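Student: following is a predicted model, sequence given first.
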Amino acid sequence: MSSSRDIALVDLVDRLLDGGVVIHGDITLAVADVDLLYVGLRALVASVETLEREHGISLTSRGSAL
Amino acid sequence: MLYAYAITWRGEPPPVAGLDGAALRAVGDEPAAIVSDHGELPLRAEPEDLWAHEAVVEAAMERGPVLPMRAGTAFADERELLDTLRGRAGEFRRALERVEGAVELGIRAVEDLEPSDNGKPPRDAGPGITYMIGRLERVRSAERVAAAIHEPLAALARESTWRVEAGPPPRLAAAYLVDRSQVESFRERVSELEDGRPISIVCTGPWPPYSFVAEGER
């Protein structure tokens, strides 16, 4: 993956985990599955951010629109 | 189960495939939800799944305003989904009107400067003092970035929201609800703001309005 794709992925995960419509109530969710999904997504973001730090690619593409 | 991607006005799915290649369908009408049918939660914590989910929401956004769902939203059956759509119909309609004709643009901005000398703790400072001074410096840095970047960009947006990511380095993470016709002007403004300032900015999007689906401010 390219670095810009990585940065966009971090932004996407941010939005998928913290944004969007939240359904409350007695919805029969597969709660354990969703918890696992979120743990996996956080790990994914952490690995991308580590890559960014190690390769110095974070926020280096001046004014780029991805 | 019904896996849900987004809420829209129209009861008509976009012409793309859902997760696992599943067919999309729409449930309900004004508002409707774009869903696909699965035996178990189809979204895995893999980039290709996240982009596949995103592709459905973006395709729906080509047809009109959408409210993207939070990742992993699923319903046991159609009745459960219809109950939710009916119960919150007023809220969803107002939210669809709020985002109509607009997209979300994301900004991450960081100061290029090393922390200033007067932001460093004395050499004999203990861990508590060092922590507090470091924290103060982060807050100051974030405030400088917010004043230089966020306020001018917010002026081009219908709505905006921002927060500081602790880092290091601390980053301004902001989202802007921008009229489609203003997207290019917004990006030009980002480039102008970066020129001559010790601040690096990355602009992502256009996104579906993930950060502007809830009523009230975050």
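Tutor: It's in. Numbers count the residues shown, from 1 in each chain, chains lettered A, B, ... in the order given.
Student: indicate the residue of chain B located nearest to chain A.
Tutor: Across chain B, the shortest distance to chain A (CB to the nearest CB) belongs to B:Ala45, at 2.6 Å. Bear in mind the C-beta positions are built from the backbone N, C-alpha and C, glycine included.
Student: in chain A, what residue is nearest chain B?
Tutor: At 2.6 Å from chain B, A:Gly40 is the closest residue in chain A, using CB to the nearest CB.
Student: element containing the residue of chain B most remote from its centre?
Tutor: The outermost residue of chain B relative to its centre, with distances by CA atoms, centre = their mean, is B:Asp124 at 43.0 Å. Under the criterion DSSP states H and E, no helix or strand holds B:Asp124.
Student: and it, how far from B:Thr130?
Tutor: For B:Asp124, the distance to B:Thr130 equals 10 Å [CB to CB, to the nearest Å].
Student: any weak-confidence spans in chain B?
Tutor: When residues are selected by pLDDT under 70, those of chain B lie in B:113-122, B:167-168, B:216-218.
Student: so what's the residue lying closest to B:Ala52 once chain neighbours are set aside up against?
Tutor: Leaving out its chain neighbours, the residue that sits closest to B:Ala52 by CB to CB, 6 or more residues apart in numbering or on different chains is B:Leu19, at 5.5 Å. Residues in contact with B:Leu19 (CB atoms under 8 Å, 6 or more residues apart in numbering or on different chains) are B:3, B:36, B:38, B:42-43, B:49, B:52-53, B:56.
Student: now do B:Ala4
Tutor: Counting by CB under 8 Å, 6+ apart, B:Ala4 has contacts A:23, B:33-35, B:69, B:73-75, B:81.
Student: among those, which ones are buried?
Tutor: Among the contacts of B:Ala4, the ones that count as buried by 16 or more other CB atoms under 10 Å in any protein chain shown are A:23, B:33-35, B:69, B:73-75, B:81.
Student: just send those residues back as JSON lines, with secondary structure too.
Tutor: Conversion of the buried ones among the contacts of B:Ala4 to JSON lines gives the following (DSSP: H, G, I helix; E, B strand; the rest coil):
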{"residue": "A:Ile23", "secondary structure": "coil"}
{"residue": "B:Ala33", "secondary structure": "strand"}
{"residue": "B:Ile34", "secondary structure": "strand"}
{"residue": "B:Val35", "secondary structure": "strand"}
{"residue": "B:Met69", "secondary structure": "strand"}
{"residue": "B:Thr73", "secondary structure": "coil"}
{"residue": "B:Ala74", "secondary structure": "strand"}
{"residue": "B:Phe75", "secondary structure": "strand"}
{"residue": "B:Leu81", "secondary structure": "helix"}
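Student: what is the most widely separated pair among these?
Tutor: A:Ile23 and B:Ile34 (14.3 Å; CB to CB).
Student: I'd assumed A:Leu12 was in contact with B:Glu54.
Tutor: Yes: counting by CB atoms under 8 Å, B:Glu54 touches A:Leu12, with 6.0 Å between them.
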